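Asker: Using only what follows, build the 3D model:
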Amino acid sequence: MTPSTGTPSSIDPLAQLLKSRFQAWQPPQRAPVQPAVNVRDTWPEKLAPLTNEEAGTVATPGVAITVSEPELVRLPAGTPAASGPVAANPAQPAQLMPQQDQARALLQEMANAGNPLAEYQLACIHADGLGVEKDEARAVHLLRSAAQKGEASAQYLLSFMLAAGRGTLRSQEQALEWLRKAAVQDHPGALSTLGQMHAEGRGVERDIYQALLYLHKAAGLGDAEAQCMLGCMSMRGHAVPKDELLAMHWHRLAAAQGNARSQCALALALVTGPQATRNPQEAHRWVRKALAQNFPSACTVLGYLYENGEGVQMNKQTAFVWYQRGALLGDAGGQCSLAFLLQTGSGTLKDEKQAAEWYRKAADQGHTSAQCNLGYLYETGRGVGQDLQQAAALYRQAAERGEPCAQTNLGQMLETGLGLERDEALARYWYSRAAARGEAKAQSHLKRLDAGSADGSRD
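Answerer: Next up, the predicted model:
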């Protein structure tokens with residue numbers, strides 16, 4: 001079996017926040033290196049592809065939702081320090097504290113009078129313990145009052161508190177209800193969140209059309225996360241026509257707002273995208289911005305730039321160091337890239353056993369390229385004991401998530417009966433899936449089968 005190699009892309013793990021993240025773009029695969037190994041993308045794959053075929057059509061009822069906590073805290077106009085957040089930061093000059101005390105007192109007075117915006121602001125202060133003792137139950141009480149009066153930001157934050165069970169009993173149904181009410185009022189975060197949920201089928205029916213409506217509306221209102229999601233979708237051609245220029249447009253908008261995910265995706269696009277748009281120097285500027293935010297995947301992107309000499313002198317040893325940093329910070333892409341260098345002995349001593357360990361860490365996070373690579377090691381017995389059943393299981397995991405190389409490898413095992421019962425029809429199915437994604441080896445296998453030359457040979 002001849003595996004292939006690939007290049008990186010990015011996305012964070014799904015946290016306990018509603019705006020879970022889309023898998024970021026993974027650039028096209030490059031030519032294999034010697035010795036041949038299978039796919040290497042340097043970014044974790046967190047979400048199933050957005051086609052009905054790949055991810056199913058309806059969400060499982062009762063699936064828990066999570067909510068992203070809104071940025072805190074904005075003050076109503078006319079209050080002291082209205083231009084910035086209210087926070088009890090010990091590093092702030094002492095003379096600012098009386099102003100904060102006055103602001104809180106004014107907010108309390110306004111909240112007592114029933115002002116919903118003041119109730120929301122005061123709830124934010126109590127929820128995060130900004131200058132006061134943290135009291136999430138009081139925060140929820142204030143949020144309910146403001147939300148019932150139609151304050152969209154309060155509705156959005158209340159949905160987070162209900163989904164997370166903070167300061168109140170956890171209720172997914174009520175969380176979704178308040179989230180929808182905030183979206184009706186064009187709250188960008190609520191729109192973006194619902195777009196994500198409909199795209200993934202998490203807690204709601206999976207509906208790509210509805211997802212795109214929510215995401216485009218949120219992006220038009222300036223929501224950086226929605227812009228990032230649309231950029232990822234356009235770059236990969238998920239649910240929308242593949243359009244790298246449009247993807248770069250969305251990522252640039254989000255990156256300018258400080259979205260680290262888009263900063264990394266844009267950096268990669270600037271060195272792997274259309275020739276006319278390539279700008280390695282700008283790529284370095286964006287990835288440095290993401291590094292400044294301590295975004296783990298930025299280490300992986302910088303490693304890729306050094307590995308391939310993009311904007312800097314090629315240095316595999318330096319690439320290894322940056323991949324290792326990303327890997328140790330838990331970035332699945334960094335773990336996969338680190339494993340690849342260890343597997344091939346590029347920039348470091350060759351160590352297939354250690355490579356298998358890092359592939360496993362990335363595979364456990366759902367990184368399909370790592371799953372495919374680890375499957376290859378199990379199939380060939382490199383760095384691990386040969387285990388064809390385990391290899392097939394890993395290939396299947398990645399194949400079901402849309403990884404073309406894994407689909408091809410699984411098809412070959414099914415066609416030849418290697419570790420699996422022979423099933424030419426199922427092999428043809430996986431070849432077809434991979435061929436539709438441009439996998440040349442799968443296309444070759446299909447032509448051979450169509451020609452009636454099913455001799456079971458493996459290149």
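
Asker: Helices of the stretch 51-200 of the chain, start to end?
Answerer: Here the stretch 51-200 of the chain has its helices, by DSSP state H, counting those that start in this stretch, at 52-55, 97-112, 116-128, 136-148, 152-164, 172-184, 188-200.

Asker: Of all these, which one is nearest residue 377?
Answerer: helix 52-55 (25.1 Å; C-beta to C-beta). Yep, even glycine has a C-beta here, placed from its N, CA and C like the rest.

Asker: Kindly provide the whole-number mean pLDDT of the closest one.
Answerer: When pLDDT is averaged over helix 52-55, the result is 31.

Asker: and what of stretch 169-185?
Answerer: pLDDT averaged over stretch 169-185 gives 96.

Asker: Tell me how far it lies from the chain's centre.
Answerer: Centre-to-centre, stretch 169-185 and its host chain are 23 Å apart (C-alpha atoms, centre = their mean, to the nearest Å).

Asker: Tell me which residues of that stretch come out buried.
Answerer: Within stretch 169-185, the residues scored as buried using 16 or more other C-beta atoms under 10 Å are 172, 174, 175, 176, 178, 179, 181, 182, 183.

Asker: quick one: which of these is nearest to residue 120?
Answerer: For the buried residues of stretch 169-185, the closest approach to residue 120 (C-beta to C-beta) belongs to residue 182, at 11.5 Å.

Asker: Pretty sure that closest one sits against residue 190.
Answerer: Yes. Here residue 182 reaches residue 190: they are 3.7 Å apart, a contact under C-beta atoms under 8 Å.

Asker: any shared contact partners between those two?
Answerer: 152, 155, 156, 159 (C-beta atoms under 8 Å, 6 or more residues apart in numbering).

Asker: number of nearby residues for the second one?
Answerer: The number of residues packed near residue 155 is 27, by other C-beta atoms under 10 Å.

Asker: what stretches of the protein score poorly on pLDDT?
Answerer: 1-98, 453-459 (pLDDT under 70).

Asker: ok so, going back, would you mind telling me which of the helices of the stretch 51-200 of the chain is nearest residue 340?
Answerer: Checking the helices of the stretch 51-200 of the chain against residue 340 by C-beta to C-beta gives helix 52-55 as the closest, at 24.9 Å.

Asker: Switch the shared contacts of residue 182 and residue 190 over to CSV, and while doing so, append distance to residue 130 to every line.
Answerer: Formatted as CSV, these follow (distance: C-beta to C-beta, whole Å):
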residue, distance to residue 130
152, 21
155, 21
156, 18
159, 21
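
Asker: about what we covered before: I'd like the helices of the stretch 51-200 of the chain laid out as JSON lines, including distance to residue 362.
Answerer: Below are the helices of the stretch 51-200 of the chain laid out as JSON lines (distance: least, C-beta to C-beta, whole Å):
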{"stretch": "helix 52-55", "distance to residue 362": "20"}
{"stretch": "helix 97-112", "distance to residue 362": "45"}
{"stretch": "helix 116-128", "distance to residue 362": "34"}
{"stretch": "helix 136-148", "distance to residue 362": "35"}
{"stretch": "helix 152-164", "distance to residue 362": "28"}
{"stretch": "helix 172-184", "distance to residue 362": "30"}
{"stretch": "helix 188-200", "distance to residue 362": "21"}
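
Asker: closest to residue 442 out of these?
Answerer: helix 52-55 (15.8 Å).

Asker: circling back to that earlier point, now that we have the shared contacts of residue 182 and residue 190, which one has the most neighbours?
Answerer: In those, the most neighbours by other C-beta under 10 Å go to residue 159, 32 neighbours.

Asker: just checking, that one touches residue 172?
Answerer: No. At 9.8 Å, residue 159 and residue 172 do not qualify as touching, with contact defined as C-beta under 8 Å.

Asker: before we move on, the earlier item: can you redo the buried residues of stretch 169-185 as JSON lines with distance to residue 105?
Answerer: Compiled in JSON lines, the buried residues of stretch 169-185 are given as follows (distance: C-beta to C-beta, whole Å):
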{"residue": "172", "distance to residue 105": "36"}
{"residue": "174", "distance to residue 105": "32"}
{"residue": "175", "distance to residue 105": "32"}
{"residue": "176", "distance to residue 105": "36"}
{"residue": "178", "distance to residue 105": "28"}
{"residue": "179", "distance to residue 105": "32"}
{"residue": "181", "distance to residue 105": "30"}
{"residue": "182", "distance to residue 105": "28"}
{"residue": "183", "distance to residue 105": "33"}
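
Asker: burial count for the closest residue to residue 241 other than its chain neighbours?
Answerer: Spatial nearest neighbour of residue 241, chain neighbours left out: residue 234 (7.8 Å); criterion: C-beta to C-beta, 6 or more residues apart in numbering. Applying other C-beta under 10 Å, we find 23 residues neighbouring residue 234.

Asker: State the distance from the residue lying farthest from the centre of the chain to residue 106.
Answerer: Largest separation from the mean C-alpha position in the chain: residue 113, at 42.8 Å (C-alpha atoms, centre = their mean). Distance from residue 113 to residue 106, counting by C-beta to C-beta, to the nearest Å: 11 Å.

Asker: likewise residue 316?
Answerer: Residue 316 is 59 Å from residue 106, by C-beta to C-beta.

Asker: before we move on, what about residue 382?
Answerer: 67 Å.
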